[in-house]
Structure formats: structure tokens, C-alpha cells
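[1] For reference, the sequence and a predicted model appear below.
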Amino acid sequence: MRILFVTQRYHPFVGGVETQTRLVVHELARRGHKVQVVATTLRDVRLPVRLRVLGDSLLLPRGQSYKDEGVPVHALTPSVWDRLRMLPIGVRAVPLLARRYHTLRRFGYPFFRRVFAPRLRPFIEWAEVVHSVAGNYLGWTAQEVARALGRPFVVTPYVHPGQYGDGPDDARHWQAADAVLALLETDRKVLVERLGVPPEKVHLYGVVPLLPEQADGAGFRKRHGLGKAPIVLFVGRMNDYKGAPALVQAAPLVWARRPEVHFVFIGPASEEERRIFDGVDARVHYLGRVDEQEKADAYAACDVFCMPSRHEILPAVYLEAWSYGKPVVGGPAPGLRELIEGNEAGIVVAQTPEAIAEGLLHLLQAPEKAHALGENGRRLVQQRYTREALVNVLERIYADCTDRAGG
């Protein structure tokens, strides 16, 4: 089957959605499908806060097309002339108009579509099925072109209620797709009950932990001088919504009762985000970006994994921690209670330093319970979140969509 992935961001851009997309792309290619990727962002570019609304259109970074382990990745970089044609979109960044977000979003879309629809058309003509993980202007445009060409359109929305994907224009986009992939039952309910997607279009899907075959927890402890100290691990972007600042603030509250605990933070951070580590105690270790092996070693070394996020659906980092039998502490994001406590694989806390500290101490001071929760998580991953199971679901959905399109 010829499958086209349309994605806002793709490797070497680092992020959870991007990692999952790449994993699926490679597995489909390994199974003999012909796969191509079109993307508009291949690297992380930090924009001033007021200009970030233009990061997926007028201020898209330059990118170079390449082959990712044999899979063609096409970078849709706008030319100078393209940017001039999209210039009216710039009104979205005018501070006085910020409250008119949805109106200005709709206003800017035709300018984006005129530039990108012709560029997407030959790739969509080639495909038998189009799978979008883009949303926003790129996803809307791909859907319009796919409909015009009679190609089935599958979408993974990754809706973060209150943050991304739940606006009125987003809802219409998800409703018009041929198949919509939800990561959890909570996610499915949001799509059906709040956003009006026909229930027969929604399929439960998931994500997959992507880890090396072996991990060396003892080696990680030795490299970082951690000895036998209890370790709390955070993996993710060092931003507010994922809870990194709150976890740093929780550390002294944990030390008041367990002074031997160390905190390890792994993941990218802007210059502003790194300031949460200024002047911190030596028991806080910020390692920044690391390779997959070092990350796996950190999971194997830790006693508790903690990412108290406010906005997530099914973060792969929890599955990665569970792959090593580690209990997790999650935050108040919709769906995390279902995922974590519903599977008796950890606990969910409010994103406050006090609540995080209490949750961590609860697990650190009950090692037998923590071990049992981690093992429940390990079994959950082995049963439901393997690469093979995930791509089997995709192949069935693609086949059903193409059969209906052909009929």
C-alpha cells in the first residue's frame, strides 16, 4: 500500500508525537508498504512568544528533504515569494487582536492553502491513503486536497483539551476525516461527546515506547555519581505544563523527610526554561538532551518516574518507564488517571510542589507497593502497547478506508 504521512514536525525535530510518527513510518516500511512523509518543520526554532502563532505558517523554518532510513521525507519550505503571499496571516500576531483567535485563524487559512495545496497535490495523488498528524493549516489543506482527489484521509488529532485541537474549526476537521485515531477511552469521549466526531469513525489506537534492547542502570548511577541513592526521574521538555518547574520546587519538600533522594531531569529546554535549575542543590541533575541509550539507562536506574503534566493524552515516557517496571507519578491532565491509576501502575497528583512531594514520598517510603505498581505497568505495556500491535491496528484501518473508497 502507498501511504503518505502529513506532519507538521518530523525527525530530526525532537518530540513525543514526532518520535511516535517516525516509529510507525519505519515499521510500515519494514512490512513492505511504500511510505513517504511530507513535513514543514524538521528542526526546533524558538520564536518570541507573540510570534509563535505564526510558527506553522509565515515563519516556518527552512528544511532540506532527505531519506530517513530509506523513507523519503519531503520538507515543504516556503520560498520568499510564498511568504509574501502568506503575509496577511501576520495579523494573527497583532497583540490587540489576540482575543479574535478563531476569527483570525479562519481569515489566514486561505492564504496558506493557496501556497501549500499545489505542493501537497502530487504527493496525495501518489498515495492510496493519507494519514495526517498535523492538524492546523497543514492538516486542513491536506484534507481538502485528499477529498478532491478521492483519497481516504486518516487523522490522529492528539487533542489536548484547553490547549490544542478542541476549537470549532478543529472539530469540523476531525468530523470530516474518514477515520480518527484516539489514544485512550478518555480521548475517544472528548472526540465524540465534545467535538462531535461520529463514533463509528473513532478507533482506539495508542503509542509505543521506543527503547534500546538493553539498559545499564548501574552504569548510569556510576557515571553520574549517584551511588545507591533513590532517584526520581523526569523526561520531557522543561516547561511549565509538563511540570518540570513544580518538580524542582517539590525537591526541598522531599528532602525534609528523605534527604538522600536525587532528582534527574532529561530533555530539551530553552534558555528561559533552563533557569529553573539556576542555583539548585547538587542533588538536582539536569542532563539536557541525551541519546536513547542514556535515556534507557536512566529509566533502569530510577526508583520513581515523575512527569506531573497538565496537558497530555498518552505520553510515551510513562510507557517507557513502565517498560523497566518503574512506578509513575502523573499530573492532572485529562486521561492520566484512567491510564495510570486505572491500571494500578502509579499515582496521579495535582501539579503543586506539595502534592508532588507527597506523591513521591508515598512511593519512596513504600518500596514493595512501588514495585507492584511498576510491574503492573510493565504488563500493561507488554499486552497493549507494542509496535506490532499498534501497526496491526493501522493496517486494518487503512484497508477498511481504502475498501470503502474503492466501493
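    Arrived safely.
[2] top helix in the protein by residue count?
    helix 101-126 (DSSP state H).
[3] That one: how far from the chain's middle?
    Averaging C-alpha positions (Cα atoms, centre = their mean, to the nearest Å) puts helix 101-126 23 Å from its chain's average.
[4] got the contact list for the helix or strand bottoming out on mean pLDDT in the chain?
    Sorting the helices and strands of the chain by mean pLDDT, DSSP states H and E puts helix 185-189 at the bottom, at a mean of 83. Contacts to helix 185-189, defined as Cβ atoms under 8 Å, 6 or more residues apart in numbering, come from residues 159, 182, 202, 204, 313-314, 334-335, 338. Placement of C-beta: from N, CA and C, glycine included.
[5] now for the longest helix of the chain, which elements pack on it?
    strand 2-9, strand 34-41, helix 80-85, helix 136-149, helix 168-176 (3 or more Cβ pairs under 8 Å, 6 or more residues apart in numbering; DSSP states H and E).
[6] Which of the ones you listed sits closest to Glu273?
    With Cβ to Cβ as the criterion, Glu273 lies closest to strand 2-9 of the helices and strands packed on helix 101-126, at 18.4 Å.
[7] Past that closest one, which element shows up next along the chain?
    Remark: after strand 2-9, the chain's next helix or strand is helix 16-30, criterion DSSP states H and E.
[8] Show me what counts as buried in that next one.
    16-29 (16 or more other Cβ atoms under 10 Å).
[9] quick one, strands of the stretch 251-400 of the chain?
    262-266, 284-288, 304-307, 328-330, 346-348 (DSSP state E, counting those that start in this stretch).
[10] hmm, back to that, nearest to Arg221 among the contacts of helix 185-189?
    Among the contacts of helix 185-189, and counting by Cβ to Cβ, the member closest to Arg221 is Leu314, at 29.3 Å.
[11] And that closest one, what's its pLDDT?
    With respect to pLDDT, Leu314 scores 72.
[12] what about it, neighbour count?
    Other residues within reach of Leu314, judged by other Cβ atoms under 10 Å, total 22.
[13] Next, work out how far apart it and Arg337 are.
    Taking Cβ to Cβ, to the nearest Å as the measure, Leu314 falls 13 Å from Arg337.
[14] can you check Thr21 too?
    26 Å.
[15] Kindly report the same for Gly267.
    23 Å.
[16] try Tyr205
    20 Å.
[17] Of these two, give the one with the bigger neighbour count.
    Legend: neighbour count by other Cβ under 10 Å for Tyr205 and Arg337, higher for Tyr205 (22 against 15).
[18] what's the domain layout of the protein?
    2-208+386-406, 217-384 (automatic domain parsing).
[19] if you compare the ones you listed, which one is most tucked away?
    Stretch with highest mean neighbour count among the domains of the chain: domain 217-384 (a mean of 19; mean count of other Cβ atoms under 10 Å).
[20] any idea how far the nearest residue to Pro327 once chain neighbours are set aside lies from Leu363?
    Spatially, and ignoring its direct neighbours in sequence, Pro327 is nearest to Leu373 (3.9 Å; Cβ to Cβ, 6 or more residues apart in numbering). Note on Leu373: its distance to Leu363, by Cβ to Cβ, is 7 Å.
[21] Mutual contacts of the two, please.
    Going by Cβ under 8 Å, 6+ apart, residues that sit against Leu373 and also against Leu363 are 327, 346-347.
[22] what about stretch 211-227, start to end distance?
    End-to-end distance of stretch 211-227 (Cα to Cα, to the nearest Å): 24 Å.
[23] so what's Gly135 up against?
    Per Cβ under 8 Å, 6+ apart, neighbours of Gly135: 8, 155, 157-158, 164-165, 170, 173.
[24] which of the residues you listed has the weakest pLDDT?
    Among the contacts of Gly135, pLDDT bottoms out at Tyr164, giving 81.
[25] wait, what's in contact with that one?
    Neighbours of Tyr164 in contact, by Cβ under 8 Å, 6+ apart: 135, 158, 311.
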